[in-house]
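1. predicted model and sequence follow; I will ask about them next.
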Amino acid sequence: MFNYTQDGTMKVYVDTGGMLKEVAELEASGLITTHYFPFEQRSRKVTNFVPGSASTWEQAHLSWAEDTGSWDDDAPTTNFEPLRKLIGKRVDAQHLDSALKAGCSIFITSDKTDIWSKREAIEAMTGIRVLHMPTELEALRRLAGSPPRKLP
């Protein structure tokens, strides 16, 4: 059901605004590996880039050295247009399609309106589980195999 990297960590795509310190802690503990493509802006907290999806050079906030792929690697999947129609925002569909291309199992976002509100349809279409941060942090911990934290 979930995809893992070669070192056994769960592959998680982090949308803009979804990277919390608790997510970074899960990554530091070796339970997940976070990935993203900088369509909207760079994140210093997520260092694993995945191929973009139908991106423009202006969207790719990468240097030539960081962008090791070709424009062919940027081709969208057949799910891109259905995702764009479902979500309405092109950049949100690009993020989700990039996560799909990279084999990510989980997509974390801080966007409750456009992405999270359509999570069931997104999962049915792509197999990717969408989690909202910070409200579903405990669900991410459970899925990653980390014991839940007690609230203070």
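-> Received the coordinates, thanks. Numbering: from 1, shown residues only.
2. tell me where this structure has strands.
-> 10-14, 32-36, 48-49, 106-109, 129-132 (DSSP state E).
3. for residue 145, find the nearest of these.
-> strand 10-14 (8.0 Å; CB to CB). In short, each C-beta sits where N, CA and C put it, glycine included.
4. packing partners of that closest one?
-> If contacts are counted by 3 or more CB pairs under 8 Å, 6 or more residues apart in numbering; DSSP states H and E, strand 10-14 sits against strand 32-36, helix 90-102, strand 106-109, helix 137-144.
5. export those to TSV and append columns for distance to residue 129 and mean pLDDT.
-> Shown next, in TSV, are the helices and strands packed on strand 10-14 (distance: least, CB to CB, whole Å; pLDDT from 0 to 100):
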stretch	distance to residue 129	mean pLDDT
strand 32-36	13	91
helix 90-102	10	93
strand 106-109	5	96
helix 137-144	7	92
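6. so which of these is nearest residue 17?
-> Nearest of those (CB to CB): strand 106-109, 7.2 Å.
7. distance from that closest one to the middle of the chain?
-> Relative to its chain's centre, strand 106-109 lies at 5 Å (CA atoms, centre = their mean, to the nearest Å).
8. same check, this time on stretch 99-118
-> Using CA atoms, centre = their mean, the offset of stretch 99-118 from its chain centre is 6 Å.
9. what are the C-alpha coordinates of that stretch, in PDB please?
-> Coordinates of each C-alpha in stretch 99-118 appear next as PDB, following Å, rounded to 0.1, in the frame of the first residue of the first chain:
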ATOM      1  CA  ALA A  99       4.100  13.300  -5.900                       C
ATOM      2  CA  LEU A 100       2.500  10.500  -8.000                       C
ATOM      3  CA  LYS A 101       5.500  10.500 -10.500                       C
ATOM      4  CA  ALA A 102       7.900  10.200  -7.600                       C
ATOM      5  CA  GLY A 103       6.000   7.300  -6.000                       C
ATOM      6  CA  CYS A 104       5.100   9.100  -2.800                       C
ATOM      7  CA  SER A 105       2.500   7.400  -0.700                       C
ATOM      8  CA  ILE A 106       1.600  10.400   1.500                       C
ATOM      9  CA  PHE A 107       1.000  14.000   0.500                       C
ATOM     10  CA  ILE A 108       1.000  16.500   3.300                       C
ATOM     11  CA  THR A 109      -0.400  20.000   2.900                       C
ATOM     12  CA  SER A 110      -1.600  22.900   4.900                       C
ATOM     13  CA  ASP A 111      -4.300  23.600   2.300                       C
ATOM     14  CA  LYS A 112      -7.700  22.500   3.600                       C
ATOM     15  CA  THR A 113      -9.800  24.100   0.800                       C
ATOM     16  CA  ASP A 114      -8.500  22.900  -2.500                       C
ATOM     17  CA  ILE A 115      -6.500  19.800  -1.800                       C
ATOM     18  CA  TRP A 116      -7.500  18.300   1.600                       C
ATOM     19  CA  SER A 117     -11.200  18.800   1.000                       C
ATOM     20  CA  LYS A 118     -10.900  16.500  -2.000                       C
END
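10. that's all I had, so thanks and see you.
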